[in-house]
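[1] Model the following, please.
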Amino acid sequence: WREVSYSENNDVWRIHTVCAVSLTGVNNWVRMPYIPRGNANRLYIEMKFSMRTCDEYPHPENLSQCKETFDLLYYEAESDFANSMMPTWDASTYKKLDTVAADRKFTDINHAEINTETRSIPITRKGVYFAFRDMGSCTSLIRVKVYYIQCPSTVVNFAIFPNTSTAQVVTDVVQTTGRCVEYAAAEREPSYLCKSSGIWYLPSGGCKCISGYQPEGQSKCTECPVGTYKWETGSGICQTCPSHSYASSRKSVECTCDPGYFRSPTDSKSKACTRPPSNPRNLSEQFSDQSTIRLQWDKPTDKGGRDDLTYRVACEQCRTGTEYLPARSKFNHTHVTLTGLYPNTEYTISIYAENGVSGVSGVQRKATVVVITEAALPSRVENIRVLSKDVHHISLAWDKPNDPSIIIEEYEVKFYSLSDPYNISRVHVEKQNISIKGLDPTHVYVFQVRAKTTEGWGEFSESIHITLEDIGSRPAPSEAPIGIIAGAIVAVVACMVIVIIMVILLRRSVIVFLKRNHRACAEKNVSDCETLQYSNVTVPLFTPPGAVRTYIDPHTYEDPQQAVREFTKEIDASHIIIESVIGGGEFGDVCKGKLRLPGKMDMCVAIKTLKPGASEKNRLDFLTEASIMGQFDDPNVIYLEGVVTKSNPIMIVTEYMENGSLDSFLRNNDGKFTSIQLVGMLRGIAAGMRYLSEMGYVHRDLAARNILVNENLVCKVSDFGLSREIDTQDNTDGAYTTKGGKIPVRWTAPEAIAFRKFTSSSDVWSYGVVSWEVLAYGERPYWNWSNQDVIKAVDKGYRLPPPMDCPEATYQLMLDCWQKERSHRPKFAAIVKTLEKLIRAPELLRKIAKQKQPDLLDPETTDVTRYTSIQDWLTSIKMDRYIETFLTAGFLNMDMVSHITLKDLLNMEITLIGHQKKIMNSVQTLRAQMNQLDQINSLHIEGGVQLSEGFLV
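    All right, here's what the predicted structure looks like:
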């Protein structure tokens, strides 16, 4: 190759030329300098050259070899190392890119034809050498250009995309991530595709101008001017400040409210600033009696420019059990009724008018009224007893109502015969006894007594039934009527036919079930296959005749995965976003998160995860719980949204309950709910259990800890795991260990503990304990008693006492649930009806259940009678701060303490509810123990008392 000059358009170029056509063995090379790759992924080489044709050569006899092509080769290297020897001048050292031929060849040297050819290579090292090899052509290399292609820097959707080199492969694209322009934030990560042609393609994502800045065109964000604001990142422009607000600086995120005006935390930044309402007007007493006050008022003249006006009631002297109708706060009626008040007491009641900005303003608008309740009527007469009786005469006596502050004017005795209940006789006496003559000895009489004071008549006592003469048994007829005998025979035959049909149907069902489970039964005794086994705890395999069984036990499936597929919905794990861990479950963590299903709004959910390394048994139990939950769909049963089983970790996704478990929720809100609200919670739990029992499902672990509460105070039954691993060192939940597993003794019916048999009736017993937990605001059932003491006490007839301020109606429902004979316990459907009746008639909840007298023989009961001074007694109950208060009020000994009332505590200005409860509970114990000591001493005087052994209550 020779370097010569070439002229084109009056420009002179230095070119390389070769024309060794008359020689043999031609092998001419020319190599370009080292070319660094830079940012290139693929290099392009453009060649301009001319080539003479061999056919028109003027002296063909002199041609030894003549070609009309040349070779283009390249060599990749990490650095510029080449010299005259390296790389070696042979085709095996270089990579051949192409054999280049001319499209146009010339014959006349004075009229050369110029060819342009372009080739490209993917480059992987830091640089490259290009070489041209001639083997007998007549060629001139006029110009060689080496370059690479890139997509130029650009701004799209407020994101800057830099210069981007194309890919190594021509058909590939390069995805480039953009950077937001100044004062913009990524809404979704911006990206752009760079094609091999150097053209940008298919933008996605992008940025938006941040708060305080607005878009200008598509590539710039500018600050908001004075008097405008923009409070969120987005494509919107700056807005003028709403009414009663201003923005004094540029790039404002929100406008500042004018003095005296405020914005609620829940208000949009675009809403006008508002102010609290004015005071309620014309507050007055509409009605009052011994325990009730009804107030009414007019709306404020100024609502503050808002439409969310509500009212709140504040009563300084009201006790914890006071009920407010329609509510204590957040209501919009212009009247309120307070019930459960003390008689003859002065109450200062304030009505606050509030709206959405009252809290942030610190301004309270109220109207106040002072109301004195009427004096009390006498309480109910107690302990009606027979002093003597004969054939036509009876003498009765009774105790004075238990209120030393009232003066009884007279008593009224009402009685009638059961055979003629409409013929009622009434007798008025001033003493606490009466003698009645002229009665019929063959009749059963009903007696009731009530007392009268200056305020009127009190309630009648509980009725007692008395017969003057025992009636002997009557002789049976000598012969049974023939009709009765015939009817009995027909009944017996009909019963036998029904039994035979049931046996045949049951036999067929057993055969089908045994065929389905022959593998599992092959390793068991025949009797084992007749029940579903939960260790030693069993439930019937077949529903009793006549019942509709819709619940299917997952244990009947040989493959638990089949039950999961049949009863649950599989959720793609990518649709679940875990936000936080809110607790630890039996199998793993319990998390709060979001469920994002295509086409639906985000849903707040709870997520149970199976911990890594869990055993196969834990995995099966985990899936079993999901299979159980998936069969239930009731407003008061926790709802299963779906499961994740096709990826790890395995998850159970349920609806999210904001207030968590019921026991913790009640403990954290002690005394904050009305009786109606608590009964509403009980109704929800009972409704959920009614649904489960109608499906044929037995819960076995119904307790307040397994009830979840949402933001609307709706209670839902949860925790359907059949196998629970409870730490033997932790007795928090009171699990009683047996050979057959763990049983929560404090919540479990006696027959379930004794015989390991769980039924819907045993769930009713547990529901009674849950009701006690609710009314006691999450207190632990049976307190700190051991499990063995609980079992012994319940077996001997002990039942939990009514909680403080527990309505008598709800406590009676608890006692019904705790009937020892399970057939005597109510069904859940009946419980729901009872609670709905109480909700519709809240006056039935006013009567408070009386506290049972503690037994002196109960080891958990403190012997209060051993204290000889006020100081010792108050110190023992940690109320020693009131020693001087009691002594100043004139309570100098324990006998005087036994007569203390709640009114006395209020007069001594002991206003803390917790302290009042603690003192009055101890006083009630003192009274009961003093009465029992008197009774025991009386029995010893008469000849002694026999005390049975064991756990007595």
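
[2] CA atoms for contacts and neighbours, from now on please.
    Will do.

[3] give me phi/psi at the most centrally placed residue in the chain?
    Centroid check for the chain by C-alpha atoms, centre = their mean gives residue 657 as the closest residue, at 1.7 Å. Backbone geometry at residue 657, expressed as degrees, to the nearest 10, gives phi -110, psi 110.

[4] That one and residue 665, how far apart?
    Going from residue 657 to residue 665 by C-alpha to C-alpha, to the nearest Å gives 11 Å.

[5] Between these two, which contacts overlap?
    Listed contacts common to residue 657 and residue 665 are residue 709; contacts here mean C-alpha atoms under 8 Å, 6 or more residues apart in numbering.

[6] circling back to that earlier point, per-residue pLDDT of the residue nearest to the centre of the chain, please?
    Residue 657 is assigned 95 on the pLDDT scale.

[7] Tell me who's in contact with the nearest residue to it once chain neighbours are set aside.
    With C-alpha to C-alpha, 6 or more residues apart in numbering as the criterion, residue 657 has its nearest non-adjacent residue at 4.3 Å, and that residue is residue 710. The neighbours of residue 710, taking C-alpha under 8 Å, 6+ apart as the test, are 656-660.

[8] what do you get for residue 389?
    For residue 389, the contacting residues are 395, 468, by C-alpha under 8 Å, 6+ apart.

[9] Repeat the analysis, applying 10 Å as the threshold.
    Residue 389 sits next to 395-396, 435-437, 466-469 when contact means C-alpha atoms under 10 Å, 6 or more residues apart in numbering.

[10] Can you tell me which of these lies closest to residue 72?
    Nearest to residue 72 out of those is residue 466 (C-alpha to C-alpha; 127.8 Å).

[11] How much space separates the closest one from residue 301?
    Where residue 301 is concerned, residue 466 sits at a distance of 65 Å (C-alpha to C-alpha).

[12] between those two, who's got more neighbours?
    residue 466 (15 against 11; other C-alpha atoms under 10 Å).

[13] Leaving out chain neighbours, which residue sits closest to that one?
    Leaving aside its chain neighbours, residue 466 sits nearest to residue 445 (5.3 Å; criterion: C-alpha to C-alpha, 6+ apart).

[14] same deal with residue 393?
    residue 437 is the one closest to residue 393 (C-alpha to C-alpha, 6+ apart), at 4.4 Å.

[15] What is the burial count for the one you found?
    12.

[16] And it, what's its pLDDT?
    If you check residue 437, the pLDDT there is 88.

[17] what do you get for residue 405?
    At residue 405, the pLDDT value in this model is 60.

[18] The residue nearest to residue 466 in helix, strand or coil?
    strand (DSSP: H, G, I helix; E, B strand; the rest coil).

[19] heads up, I number from 12, so please use that
    In the new count, where the first residue is 12, that last one comes out as residue 456.

[20] which residues touch it?
    Residue 456 sits in contact with 426-432, 450, 474-479, where contact means C-alpha under 10 Å, 6+ apart.

[21] Residue 707 and residue 562: what is the separation?
    Distance from residue 707 to residue 562, by C-alpha to C-alpha: 6 Å.

[22] Please identify which of these two sits among more neighbours.
    residue 707 (21 against 15).

[23] I'd guessed the more buried one sits against residue 770; true?
    Yes: between residue 707 and residue 770 a contact is recorded at 9.4 Å, counting by C-alpha atoms under 10 Å.

[24] overlap in contacts of these two?
    Common neighbours of residue 707 and residue 770 are not found (criterion: C-alpha under 10 Å, 6+ apart).

[25] all helices of the stretch 512-661 of the chain, in order?
    Secondary structure of the stretch 512-661 of the chain by DSSP state H, counting those that start in this stretch: the helices cover 529-533, 571-578, 627-640.

[26] deepest of those, which one?
    Between these, helix 627-640 has the highest mean count of neighbours, a mean of 20, where neighbours are mean count of other C-alpha atoms under 10 Å.

[27] Measure how it sits relative to helix 571-578, angle-wise.
    Orientation check (axes from the mean of the first three to the mean of the last three C-alpha atoms, to 10 degrees): helix 627-640 against helix 571-578 gives 20 degrees.

[28] Could you export helix 627-640 as PDB, CA atoms only?
    Provided in PDB are the C-alpha atoms of helix 627-640 (Å, rounded to 0.1, in the frame of the first residue of the first chain):
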ATOM      1  CA  GLU A 627     -44.400 -30.600  58.900                       C
ATOM      2  CA  LYS A 628     -47.100 -30.900  61.600                       C
ATOM      3  CA  ASN A 629     -47.000 -27.100  62.100                       C
ATOM      4  CA  ARG A 630     -47.500 -26.700  58.300                       C
ATOM      5  CA  LEU A 631     -50.400 -29.000  58.200                       C
ATOM      6  CA  ASP A 632     -52.000 -27.300  61.300                       C
ATOM      7  CA  PHE A 633     -51.500 -24.000  59.600                       C
ATOM      8  CA  LEU A 634     -53.200 -25.100  56.400                       C
ATOM      9  CA  THR A 635     -56.000 -26.800  58.400                       C
ATOM     10  CA  GLU A 636     -56.800 -23.500  60.200                       C
ATOM     11  CA  ALA A 637     -57.000 -21.800  56.800                       C
ATOM     12  CA  SER A 638     -59.300 -24.600  55.500                       C
ATOM     13  CA  ILE A 639     -61.600 -24.100  58.500                       C
ATOM     14  CA  MET A 640     -61.700 -20.300  58.200                       C
END
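
[29] packing partners for it?
    Using 3 or more C-alpha pairs under 10 Å, 6 or more residues apart in numbering; DSSP states H and E, the elements in contact with helix 627-640 are helix 571-578, strand 651-655, strand 662-666.
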